[in-house]
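Engineer: Sequence and computational prediction follow.
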Amino acid sequence: MFRKTSGSILCPSCGRLTHAAAPVCLVCGRRNPGMWGFAGPLRQVFRSWDFTNAVTLACVALYIATLVFDPASALRPRGIFDVFAPSNRALWAFGAGGAIPWQAGHWWTILTAIYLHGGLLHIIFNILWIRQLGPEVEGCYGPARLVVIFTVSGAAGFVVSNAFDVPFTVGASGSIFGLLGALVAYGRRRGGTFGRLQLQQYGQWALVLFIAGFFMAGVNNLAHAGGFVGGFASGLALSLAERRAETTVDWLLASAAIVATVVGFGFALITAFAH
């Protein structure tokens, strides 16, 4: 994908034709509609790719990588909920979250830990929920806003659990609760019969899953609560897809979330292998 610094482009705010080098859009008055040549490529990226599939692939690839990192530990016989569980050493190396790495200065773990999982059942359940809820949130808000909601809510969940000294934690469940929170916010904002049904359905799902977490060992309910609040707040702050098309701000926020996550994994691996 190449920058386009000349010729006609679609304004990222109003969607009308304007010039890539124009200082302002002649239709809506937006400043620098060409975004130094990056407006077109960003629009194309977020309209053509599937973030739900990208998250699925990232989680599976990282799960396999953590198993390969310490295979002897991963293959050790354990209980049903710990089948093919990566070792704590492997999870630490790839950026596990929690109060311990946070206090060690590993700020990136609030992002990287989203994509790590502690066992086969853990990753299967989380991926099933991501694939169920991701397209729903994308339809309600848009693909770039989905990236923002997923990342912000996951990070918010780990920030909350770190604040309450949960020592070591991984998983995308905070982001999953964030997707539920965003769908509840959507139902609240949209109103009407459809909005009320959305609010009731996803609100009930979130409540049932949250209560179920208290009956399962090792579940980080603090991350679930923080993720839900983060997703709900994001859903209130971001525009709905049916009311406003995604703008440059949405694309830049999503790009920043992706870059921060990739950089976080870089810091995790450099820190792990430098010692």
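Structural biologist: Ah, there it is.
Engineer: For L207, give its distance to A245.
Structural biologist: L207 sits 33 Å away from A245, going by CB to CB, to the nearest Å. Placement of C-beta: from N, CA and C, glycine included.
Engineer: cool, R196 as well?
Structural biologist: Taken as CB to CB, the span from R196 to A245 is 25 Å.
Engineer: same thing with F215?
Structural biologist: From F215 to A245 the distance is 43 Å (CB to CB).
Engineer: Then P143?
Structural biologist: The gap separating P143 from A245 is 11 Å, by CB to CB.
Engineer: neighbour count winner among those two?
Structural biologist: Ranked by neighbour count (other CB atoms under 10 Å), P143 and A245 place P143 first, with 24 against 14.
Engineer: surely the more buried one meets A241?
Structural biologist: No. P143 is beyond contact range of A241, at 9.2 Å (criterion: CB atoms under 8 Å).
Engineer: Tell me who's in contact with L199.
Structural biologist: V184, G187, R188 (CB atoms under 8 Å, 6 or more residues apart in numbering).
Engineer: Give me the phi and psi angles of V170.
Structural biologist: phi -150, psi 160 (degrees, to the nearest 10).
Engineer: Return the distance of it relative to A260.
Structural biologist: Going from V170 to A260 by CB to CB gives 18 Å.
Engineer: between those two, who's got more neighbours?
Structural biologist: More neighbours surround V170 than the other of V170 and A260, with 30 against 15 (other CB under 10 Å).
Engineer: Tell me the predicted confidence for the more buried one.
Structural biologist: We have a pLDDT of 97 for V170.
Engineer: can you tell me how far the closest residue to it other than its chain neighbours sits from A90?
Structural biologist: Excluding the flanking residues, the one nearest V170 by CB to CB, 6 or more residues apart in numbering is L116, at 4.0 Å. Relative to A90, L116 is positioned 9 Å away (criterion: CB to CB).
Engineer: Name the residue in those two with the higher neighbour count.
Structural biologist: Using other CB under 10 Å as the criterion, L116 and A90 rank with L116 on top: 28 against 21.
Engineer: you'd agree the more buried one is up against A96?
Structural biologist: Yes. Under the criterion of CB under 8 Å, L116 makes contact with A96 at 5.9 Å.
Engineer: okay, and the common contacts of the two?
Structural biologist: Common contacts of L116 and A96, defined by CB under 8 Å, 6+ apart, comprise V170.
Engineer: any chance you could map the strands in this structure?
Structural biologist: For the chain, strands defined by DSSP state E occupy the ranges 8-10, 17-19.
Engineer: What mean pLDDT does the last one get?
Structural biologist: Confidence over strand 17-19 (mean pLDDT, whole number) is 63.
Engineer: A212 - how many residues pack around it?
Structural biologist: 11.
Engineer: Check the gap between it and G157 for me.
Structural biologist: According to CB to CB, A212 stands 16 Å off from G157.
Engineer: The closest residue to G171 other than its chain neighbours: what's it in contact with?
Structural biologist: The shortest distance from G171 to any non-neighbouring residue, by CB to CB, 6+ apart, is to H117 (5.7 Å). Going by CB under 8 Å, 6+ apart, H117 touches C59, L62, Y63, P86, I123, N126, V170, G171, A172.
Engineer: swap the cut-off to 7 Å and go again
Structural biologist: By CB atoms under 7 Å, 6 or more residues apart in numbering, the contact set of H117 is C59, Y63, I123, N126, V170, G171.
Engineer: Next: I123.
Structural biologist: If a contact means CB under 7 Å, 6+ apart, then I123 has C59, Y63, H117 as its contacts.
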